[in-house]
Structures are given as C-alpha cells and as structure tokens.
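**Q** build me a model from this:
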Amino acid sequence: MTPNDPPHPSAFPTPGKRIWIAFTLLALVAIAGVLLVIGWVGDERDRALRTWQDKLTIVAESRAAAVGDWVASQRDVINDLGRDDIVRLYLADILALDRNPDLDDVPAQTQYLANLLDVTAGRAGFSAPSLGSEVPANVPRNGRAGIVILDTDMNLVVATRGLPAQTPELRSFVAGRMGLDGPAMFGPFPGADRDTVSMAFAAPVSGVQDDRKIGLIVGIRPVGEQLYGLLRQPGATEASAEAMLLDTQAAAVRYLSPLADGTDALARSRALDTPELAAAYAVQNPGGFGVFRDYRDIPVLVASRVVPGTDWVIAYKVDRDEALGAADARLTRLLAILLLAIALAAAGIIAAWRHGASRRAAESAARSRDLAARYEAQAKFIRKLTDTQPNTIFMVDADDRVTFANARLAQLVGAGQSEDVVGKTLVGVFGPGAARRYARGVREAFSEEASISRIDRVPSEDEANGLGEHVLQAQFVYLPATEVARASVLIVEQDITDAISERERNERLLEQLSETLLAIVDRRDPYAAHQSARVADVASALAQEMALDDVLVDTVGKSASLMNIGKILVSRSILMKNGPLTDEESEKISRSLATGVELLADVEFAGPVVETLRQTRAQFDGSGEPAGLAGTDILVTARIVAVANAFVGMVSPRAHRPGMSFDAAVQVLLEDSGSRFDLGVVGALINRLDNRGGRQDWSNFSNPPPGIQGLVNG
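**A** Numbers count the residues shown, from 1 in each chain. Below is the predicted model of the structure:
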C-alpha cells in the first residue's frame, strides 16, 4: 500500500464498535451523575431517619410513663387497703374469732369489711357486671371483677359480690404472693368471657401488733379502654402509627394490647427468634430504635421503652413507607430522569448512525470514514483522558474478561500497550492472587447491580525488606447491559497508602497534643482534668447510645476531653480555691471555654470538635450562647457534651461541696429538658444508667480526684 492509497476498511472501527465507544463515554458520565444523586438522597434519608428516631422515642417514653402511672394507681388502691389500720384490726379480730360455723349471724367486722370492699371496688374500677341471666334462678353467674381478702391458708374471709372464679394461673399467683412484703400484679390474662381481659393486684395484710402476715388482699379488674386508650398518642397525625404493649413468655413475645388489624389483646404471640420482627427487637432491646417488620410483615420504624414498675415494653411504630416515602420517591424520580436522559442520548446516537447508513453507497462510505475518524478521535480522547490518570482504570464483563484498560494498568502488569490486556481474563492479567481480590468485588457488584467500594491491604513487593504493605481503594461501578454492550463493571483503583499513612500520623500527633494539653491542665487543676475524663467517658457512651457514627462518637470524646483546655490561662489559685468563688473568679472560669475554642481554632480534627466546643453553652430553647441557636440546630455532639458535662459536674464532689446522687442529678436534667437540655439526650442518659450498666460503670464519680483534700463530707 502506497501513502496515496486509501486506508483499508479494516483500519476503521466497525459501526458496532463506534457505538460501543460512544456508549462507554456516555456510561462514564452517567455513572458519575448517578453516584452523586444516590449519595445526596442517601444523606437526606439518613437525616429523615434520625428525625423519626427522636419523634418515636419521645412518644414511646410518654406512652410508657402514662401506662406506668395507671398501673401504679391500681396497685396503690389494693396496697392502701392492705395498710389500712381498720382493715388490719378487723381482719385480726375475724381470724381470732372462735365462732360456730352453723350460726347465721355475721360479725359486724365482716360486714364492715364487705361494705368497704364494695365501695372501694366501685370507686376504683374493681367491679363489673357479672355474666349470665339477671332472672333469679339456680343458674351460676360468672363474675368479672372484685376484691377479696384471704387468710394465710388462702381461705376466703370476705369478698365483693361477683368475684371471678380463680383459674390455676391466678391461684398460683395468689399463693406466690403470701410471703411477700409488698404489692404485686398479675396479668393481663383472659377474663371470664372471651371478650374480657383482666388483671390482678395483690398486697399483704400484717397484724396490728407486729409485722406478721395475717392475710392477703387481691383485686381483680377488667382492663380495656382505660388502659389501652393510654397507648394512643394525642395529636398523632400518622395514619399507620401504633403503640403496642408487649411482654415475653417462654421464648415468645406476647402482644398484650389490641392491634390495629383487629386482633384482640392476648390473641397473638410470635417467637423471639422471628427474623426482623419489630416486637421481638423491642422487648430484647428496650430503648432501641431501628427498621424492622411488624406482625403484618410490613417494614416499620420502631422505638421502644420499658413501662416503669412492670415487665412490659411499649413499642411505638410507624410504617416505613409513610415515614420515608417522600425521600424514596425523590430518589426514584431523580434516577428516572437521569436514566431517561441516558436513553435519549443513546437513541440519538443510534438514530444518527442509521440515518448515515441510508445514504447512497458512495456517500455512505465517505460518511463512514468521517464517522470512523470522529469515533476514533473520541476513543483516543477517552483513552488519553484515562491514560493521564494516576489510577488504574479498567472494565470487566461477567466472564471476568477485561474489556477496557488504561495505560496505568498496562504499566502495572508489564504489558506493552493497554490493547494487549483487553480480552484477557483477570487471572491472565493479574495472576491468581490479585485476580481473586478483583473477582470478589466484580461478583458483588454484579450480584447487587450497584456500585460498591473496597479497601484492601496487600503486601508490597518489598515487604521482605520491611517496607510493609499497600493500601488500595477500588470503586466497582456496575454498568447495566445495553442493546450494544453486555453488562460490565468499571473498576477504578487508587493507591491510598501515603494518604492513610499521613492521616494516621496526623491522628497520632493530634492525640499526643491532646494528651500534653490535658497533662498541663491536670497539674494545674486536678478537678478539671478529672472532670474532662469523666465527661468524655459519659459523652462517648451517650453518643453510642444514640447510634451516632464513628466520626461523631470520636468528636464527642475529643470535645469533652478538651473543653477545659482554656483553664491553662486561669490562675491556679482560683482553680484550687477551697470555698465559694467571687463573681470575678467565676467569670474567668466561665470564659475559659471560649478561650479553649480560640486555642484550638486552627487545629484540624476529623470531626467538628471546635464547633462542638463553641456550641456547648447553647441552650435548647435558644437562650444560651451563641445567641439564638436552639433546638436541633445545635450540633448533636454539643447537645450530648452539654448534658454529660452537667451530669458529671453535679455528681462529682468539689472542694466546697459533695456530689449529688445519680437520681438527684437526673431529676435536675429532666426539669431542665426542653429549656437547657435536649430531652432525647437526657433520655439516652437515663437508659444508659438504668439499662446499660451506667450506674455501676460510673459509681466512682463520687470519689474526689487523688491528692485532693478538704472535700465536704456528704
């Protein structure tokens, strides 16, 4: 062939190859857009989920408190009868009376107690119409409620009219209460008819002269709207919202309340090991929150709280579709628009090609050469663009064959050109070891039909010389099949060893700086150093309790540890003063937090440590500093540190006073919730103390720092 001869047709890409090149470029652009949209919508969904967590948790807490108050009021009715001096005196007289059982007269004491029980039952709800005919006849009527006084041998002494018959379970409960010193409850349990659910409350009766038990008072009452009505949240607008009263029996979770699908109370139970069951999660993780499936097998958001004074758990749920439907619709809409744009662009390319193919043969040949030149230029541009990248970029199909590779890959595997790699299998290009690593990511991307990211640590070729390993980050981007191309996975791999090493070195330096600053504070003000360590411990625990991510948990711990750094500039005589501070001295210590923020302003942390410290004095109602910052506009890390700092400050001793008890400090925090503090954070603290071992873990907070004398003895 001479230089003047036209190029052989095989020198130009075929029409199918030209379209494939165009689609490859289009796919790369589309993938970037899809990743950005998915990331943004994912963040929106996470924020919506956290909002729902706070909302459902508050409702669950309020419903648990309402039900707990109702149970306590019923228990108090029976307990007050058992502690009534006249009841104790008359019961002792009746039990001591040696009377002839054949006589018809009833002692005045017995009649008085019977009247007292009838009045109390009618007033407190321990009475209900009996079941059966109202016509006088020799037909037994089933009682549904009543109050009875038993002696220690479980013999009936006196009772209200219409007392229900004892079931074996109720009899066992009564027998087990004979030796107890305080009130107890049993139920709920099926009542005298299938439409009734009842509960029993018992309290011991002791003698007047001593505390010897002489009897037991048992009250049985039906429960219905008076109890189940407390489960409904006033003002709730969610159509699918539902509060469920739960407990466990054997290896099952029981639904104690009526359900929204019409199921009666006590009519349903499920095994505790039922996968993804919301009720099972609620009773096994009281105080938790998550996305599970309810008794209808429908995904729901659920939060739970223990009912005070009982073994019950309140689970408050709302359908996931109702709660997060807007966010899901937004994602679907954005993805649909993007895919439509890709489809239109692809259709335009195909239409242009078909239009060119319909020309006359000569024009078609010229057009083909022209298009071939254009596509070749585009392919060169794409290859040039990818070849200039320092990262390894290649594509793999479902058969683990490489369909595209940049120059960096060819250089990495020792190939002459990137075209020498195309068509080979992963094993043929990389060898068995590395091929397995890439194949895992490719299989996962194909299986999920989604983009995934992997970080692997692989030995370097010089590991024998002590140079360690490489840290490689790879993005596996799934590319769905089109009319002209099979489905494939785009792999972009970057060596982030230097970045990881630099980050770890910076973290070590930052940790050393923090430790040095804290050591200085420790020497000048042992109270502040001890306070910082304790606040960091409590704040980190609360952040974990609220399921914050690792970066925010670390931010909370660092912020709490460094909040007293500003005291470096406060006179040691003020910090160690044994007695009340003057207003001027208090102002200097109060300003130390702002001073610390200024000292740390130019330090780079992984999370918002400096901004957390700046907002720690903000109050939930907006009356703190910075002025006007209120509610959830305050960083959650700052809200956590504020509660932890206040709690530790109250329970820790000082030179001029002892520390408060945990319960007293919690009461102060609850009273200030909604004004100074976030109720959600205070609730997390209470759950940590009562259900996660916080009282034991922090029991040493009442001890003064080592070497400090002059504490006020409490």
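
**Q** and R50, its phi and psi?
**A** R50 has phi and psi values of phi -70, psi -40 when expressed as degrees, to the nearest 10.

**Q** what's the spacing between it and I58?
**A** R50 sits 13 Å away from I58, going by CB to CB, to the nearest Å. For the C-beta atoms, the positions are set from N, CA and C on the backbone; glycine is no exception.

**Q** repeat that for W52.
**A** Counting by CB to CB, the gap from W52 to I58 is 11 Å.

**Q** ditto for V307
**A** Counting by CB to CB, the gap from V307 to I58 is 16 Å.

**Q** so for these two, which sits in the more crowded spot?
**A** The residue with more neighbours, out of V307 and I58, is V307; 22 against 17, by other CB atoms under 10 Å.

**Q** got the buried residues for stretch 266-282?
**A** L266, R268, S269, L272, T274, L277, A278, A279, A280, Y281, A282 (16 or more other CB atoms under 10 Å).

**Q** pick the one among these closest to N391.
**A** For the buried residues of stretch 266-282, the residue nearest N391 by CB to CB is Y281; the value is 42.3 Å.

**Q** pull the contacting residues for that closest one.
**A** Contact partners of Y281, counting by CB atoms under 8 Å, 6 or more residues apart in numbering, are G288, G290, F292, V302, S304.

**Q** any chance of the buried residues of stretch 266-282 in CSV, with pLDDT and distance to T120 too?
**A** As requested, the buried residues of stretch 266-282 are exported to CSV (pLDDT from 0 to 100; distance: CB to CB, whole Å):
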residue, pLDDT, distance to T120
L266, 87, 27
R268, 93, 34
S269, 92, 34
L272, 93, 39
T274, 93, 43
L277, 95, 41
A278, 94, 40
A279, 93, 36
A280, 94, 39
Y281, 95, 40
A282, 95, 35
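
**Q** right, and F662 touches V651 too?
**A** Yes. Judged on CB atoms under 8 Å, F662 makes contact with V651 at a distance of 6.1 Å.

**Q** domain-wise, how is this protein divided?
**A** If you go by automatic domain parsing, the domain ranges for the chain are 228-324, 345-495, 501-702.

**Q** go through those domains and name the closest to L25.
**A** The nearest among the domains of the chain, by CB to CB, is domain 345-495 at 5.5 Å.

**Q** centroid residue for this protein?
**A** The residue lying closest to the centre of the chain (CA atoms, centre = their mean) is F289, at 4.2 Å.

**Q** mutual contacts of F662 and V651, please.
**A** Joint contacts of F662 and V651 (CB under 8 Å, 6+ apart) are W698.

**Q** what distance do you get for R270 to I496?
**A** R270 is 47 Å from I496, by CB to CB.

**Q** same question, E625
**A** 40 Å.

**Q** please apply the same query to P164.
**A** In terms of CB to CB, P164 sits 72 Å off from I496.

**Q** higher neighbour count, these two?
**A** P164 (23 against 15).

**Q** skipping adjacent residues, who's closest to that one in space?
**A** G143 (4.5 Å; CB to CB, 6 or more residues apart in numbering).

**Q** hang on, the earlier thing: name whatever forms a beta bridge with the residue nearest to the centre of the chain.
**A** A303 (DSSP bridges).

**Q** repeat for L277
**A** Per DSSP bridges, the residues bridged to L277 are R293.

**Q** and it, how far from R293?
**A** Counting by CB to CB - L277 and R293 are separated by 6 Å.

**Q** cool, and P168?
**A** On the measure of CB to CB, P168 and R293 end up 35 Å apart.

**Q** what do you get for I491?
**A** Using CB to CB, we find I491 at a distance of 36 Å from R293.

**Q** so between those two, which is more surrounded?
**A** Of the pair I491 and R293, I491 is the one with more neighbours under other CB under 10 Å, namely 25 against 18.
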